[in-house]
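Undergrad: pasting a predicted model and its sequence here:
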Amino acid sequence: MLYITVALSAEARGLIDYFKLTRTYTLPYTMFENEQIKLIVTGVGIDNAMMATSALLGLSPPSKTDLLVNLGICAAPKNFEIGEAFLAHKICYKNEFYFPDILFEHSLQESDILSVDEPARKMLKLPADMESYGVYKAASRFFSTHQILFFKIVSDHFEPLHVNKGLAIELIFKNLKNLDAVLHSAKYVINKEPLFSQEEKKLITTISSYLTKAQSDSFYDACCYYKLHQKKILPVKIPSGEKLSKKERSEYLESLIKTLTL
C-alpha cells in the first residue's frame with residue numbers, strides 16, 4: 001500500500017487523475033483511494049498534518065512493505081528553480097531534527113527542509129513548508145524511517161502571495177513522472193539489508209539508555225543519517241559513568257549529533 005498526504009486539494013488534483021483514485025468517506029477528511037493507494041488531504045499546518053496522518057494510519061495501519069509519501073509545494077531560496085522537485089533528507093523544526101532514510105538511487109536533488117508555523121515572507125536559507133514535521137511525527141509511529149518520503153516542489157522564493165491554486169495544480173502535474181520514478185525506485189528499499197550491524201544496534205540501545213525518549217529519537221535519526229551518507233561504522237562512544245545529569249545529557253547529545261551530521 002502507498003499512503004499519500006497532501007495539504008491542499010489542489011495538490012491532490014493531478015494525483016487523483018494520474019492514479020485513478022476515487023473519493024471515500026471513511027474519515028472526516030477529504031480522501032481518495034484505489035486498491036494500492038490511500039490519499040488524504042490534511043489541511044495546512046503542522047497540527048493538521050499530524051492529526052490527519054495519524055487518523056489515516058490508525059484507520060488503516062501499514063505493514064513493513066508499505067510506503068508513505070508527503071507531497072506538496074514549498075518555498076525555497078533562489079538557488080532552487082520554480083517547479084523543481086527534490087527529496088527532503090532532513091526535517092528541521094525549531095531545535096528538533098529528523099532524518100528520513102533515502103536508501104535508493106534517484107535523479108532529484110536532496111535537501112534539508114524547514115517546517116514553519118506560518119508562511120515565511122522573508123528569504124530563508126532552506127526550503128520551508130508547514131507540514132513535513134507534523135507528517136513525520138505521526139508517520140514515525142507506524143513506519144520505519146526508510147518507509148517515509150518527502151517529495152517537495154518549489155512554488156516560490158518566499159513570496160506566498162504569488163502562489164495560487166492554479167500554480168499548485170500545474171507544478172504537481174509537471175512532476176508526476178518524477179514522482180512515479182521515485183516511487184518505483186523506492187519499492188526495493190523494503191528488502192534492503194539492515195542499516196545497522198548487531199553490534200551497532202547494541203551500541204545505539206546502550207547510548208539511548210543514558211538519554212530521554214526525545215533525545216534518543218534524535219540520536220537514532222542522526223545515526224541513520226550518518227550510515228546513509230558515510231556508510232561507515234558509527235563513530236560514537238558510550239559515556240563514562242552510570243548516570244548523566246540533565247545538563248550532561250544535553251551536552252552529550254549535542255556532541256553526538258555534531259559527530260554524526262557534520
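TA: Sure thing, it's come through.
Undergrad: so which strand or helix has the spatially most central residue of the chain?
TA: The centre of the chain sits closest to Phe150, judged by C-alpha atoms, centre = their mean, with a distance of 4.5 Å. Using DSSP states H and E, Phe150 sits in strand 148-156.
Undergrad: that strand pairs with which strands, parallel or anti?
TA: Sheet partners assigned to strand 148-156 using DSSP bridges are listed as strand 67-75 (parallel), strand 85-93 (antiparallel).
Undergrad: what about Lys227, neighbour count?
TA: With neighbours defined by other C-beta atoms under 10 Å, the count for Lys227 comes to 19. No exception for glycine: its C-beta is placed from N, CA and C like everyone else's.
Undergrad: which residues touch it?
TA: Leu195, Phe196, Leu234 (C-beta atoms under 8 Å, 6 or more residues apart in numbering).
Undergrad: quick one: the last one is in a strand?
TA: No. Residue state for Leu234 (DSSP: H, G, I helix; E, B strand; the rest coil) corresponds to coil; a strand is not indicated.
Undergrad: excluding chain neighbours, what is closest to it?
TA: Glu200 (5.3 Å; C-beta to C-beta, 6 or more residues apart in numbering).
Undergrad: how about that neighbour, secondary structure?
TA: helix.
Undergrad: next, the buried residues of stretch 222-232.
TA: Ala222, Cys223, Cys224, Tyr225, Tyr226, Lys227, Leu228 (16 or more other C-beta atoms under 10 Å).
Undergrad: low-confidence stretches in the stretch 101-250 of the chain?
TA: Filtered on pLDDT under 70, the stretch 101-250 of the chain yields the residue ranges 189-193.
Undergrad: now the longest helix along the chain, how far from the chain's geometric center?
TA: Secondary structure of the chain read by DSSP state H shows that its longest helix is helix 213-230. How far helix 213-230 lies from its chain's middle: 14 Å, per C-alpha atoms, centre = their mean, to the nearest Å.
Undergrad: with just CA atoms, put it into CSV.
TA: Presented in CSV, the C-alpha positions along helix 213-230 are these (Å, rounded to 0.1, in the frame of the first residue of the first chain):
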residue,chain,number,x,y,z
LYS,A,213,13.0,9.4,24.9
ALA,A,214,13.0,12.6,22.7
GLN,A,215,16.8,12.7,22.9
SER,A,216,17.2,9.0,21.9
ASP,A,217,14.9,9.6,18.9
SER,A,218,17.1,12.4,17.7
PHE,A,219,20.2,10.3,18.3
TYR,A,220,18.8,7.4,16.3
ASP,A,221,17.8,9.7,13.4
ALA,A,222,21.3,11.1,13.4
CYS,A,223,22.8,7.6,13.3
CYS,A,224,20.6,6.8,10.3
TYR,A,225,21.8,10.0,8.6
TYR,A,226,25.5,9.1,9.2
LYS,A,227,25.1,5.5,7.9
LEU,A,228,23.4,6.6,4.8
HIS,A,229,25.8,9.3,3.9
GLN,A,230,29.1,8.0,5.3
